[in-house]
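1. Provided below are the primary sequence and the corresponding predicted coordinates.
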Amino acid sequence: MAKIFQVSARAGMTRVVEPIARALLRAGVTPNAVTVAGTVGVLIGALGFGARGHLVAGALIVTLFALTDLLDGTMARMSGGSTRFGAFLDSSMDRVADSAVFGAVAYWLATQGDPSGVAAALVCLAVGGLVSYVKARAEGLGMTCNVGIAERTERLLIVGVGGILTGVGVDPALEIALWLLAAVSIFTVGQRMTHVYRQAQQLQPDGQA
């Protein structure tokens with residue numbers, strides 16, 4: 001199934017990012033430094049703005065700094081490929097950033113007396129972590145897991161659009177976006193587990209259950 005954020009769009013974004021990546025590498029900036037800076041930016045947007053109800057500013061800041069995911073990856077490729085620690089750092093910082101985003105959303109919704117929205121945000125937080133864990137665990141067992149309609153970019157895009165719409169006065173937009181995100185995230189977990197199950201069955205020696 002095609003991902004929500006199409007490969008062609010990602011390729012177009014990469015062409016925009018590559019000159020920036022080259023400039024940063026020439027200036028001596030490392031991919032790991034960009035990873036950390038991007039995470040700090042997301043934390044500022046989520047906790048400094050989103051959690052205080054400045055949803056439009058928070059969403060825009062988070063989206064801007066979330067794009068460093070593409071930038072640091074491009075820089076790593078241009079400099080000879082990602083290191084083991086670089087890959088580990090990138091995944092770890094992604095989890096920190098995602099926790100900040102959905103934690104901030106849940107906090108703000110709680111201050112607005114919206115228990116349904118809080119529940120949706122917590123479901124997104126939990127299932128979003130599971131989406132990433134399933135892939136990491138599969139790859140740790142020597143299998144692939146590059147499937148799913150809602151990877152990290154898509155998840156942040158959905159909650160970002162909901163936050164912006166709510167920030168400009170479309171009150172139910174954020175809660176609707178969160179429940180939509182919860183649904184597609186759960187579906188993505190199912191897709192990934194099914195994909196891994198099929199691989200495991202093919203790799204399983206004959207005669208074993």
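-> Thanks, I have it. Only a predicted model underlies this, so the values are computations on that prediction, with no experimental measurement involved. Numbers count the residues shown, from 1 in each chain.
2. and residue 101, how many neighbours?
-> Using other CB atoms under 10 Å, residue 101 has 30 other residues around it. To be clear about C-beta, it is placed using only N, CA and C from the backbone, and glycine gets the same treatment.
3. so for the spatially most central residue of the chain, what's the nearest residue that isn't a sequence neighbour?
-> When CA atoms, centre = their mean is applied to the chain, the residue found nearest the centroid is residue 152 (2.4 Å). Among residues not flanking residue 152 along the chain, residue 94 sits closest, at 6.2 Å (CB to CB, 6 or more residues apart in numbering).
4. equivalent analysis for residue 50, please.
-> Closest to residue 50 by CB to CB, 6+ apart is residue 58, at 3.1 Å.
5. so what's the residue nearest to the centre of the chain up against?
-> 69, 94, 98, 128, 132 (CB atoms under 8 Å, 6 or more residues apart in numbering).
6. what about 10 Å?
-> Counting by CB atoms under 10 Å, 6 or more residues apart in numbering, residue 152 touches 5, 66, 69, 94, 95, 97, 98, 128, 131, 132.
7. ok, the nearest residue to residue 195 once chain neighbours are set aside - how many residues close by?
-> Spatially, and ignoring its direct neighbours in sequence, residue 195 is nearest to residue 147 (4.8 Å; CB to CB, 6+ apart). Counted with other CB under 10 Å, residues neighbouring residue 147 total 15.
8. can you tell me the SS state at residue 147?
-> Assigned by DSSP: H, G, I helix; E, B strand; the rest coil, the conformation of residue 147 is coil.
9. where does the protein have low pLDDT?
-> Judged by pLDDT under 70, the chain has its weakly predicted residues at 1-14, 205-209.
10. can you give me the helices for it?
-> For the chain, the helices defined by DSSP state H occupy 7-26, 31-43, 55-66, 68-78, 84-111, 115-140, 152-167, 173-203.
11. how far off centre is the third one?
-> Relative to the chain's own centre, helix 55-66 is displaced by 13 Å; criterion: CA atoms, centre = their mean, to the nearest Å.
12. tilt between that helix and helix 84-111?
-> With axes from the mean of the first three to the mean of the last three CA atoms, to 10 degrees defining the directions, helix 55-66 sits at 170 degrees from helix 84-111.
13. related to what we said a few turns ago, gap between the residue nearest to residue 195 and residue 46?
-> With distances taken as CB to CB, to the nearest Å, residue 147 is found 28 Å from residue 46.
14. over to residue 113?
-> Residue 113 is 21 Å from residue 46, by CB to CB.
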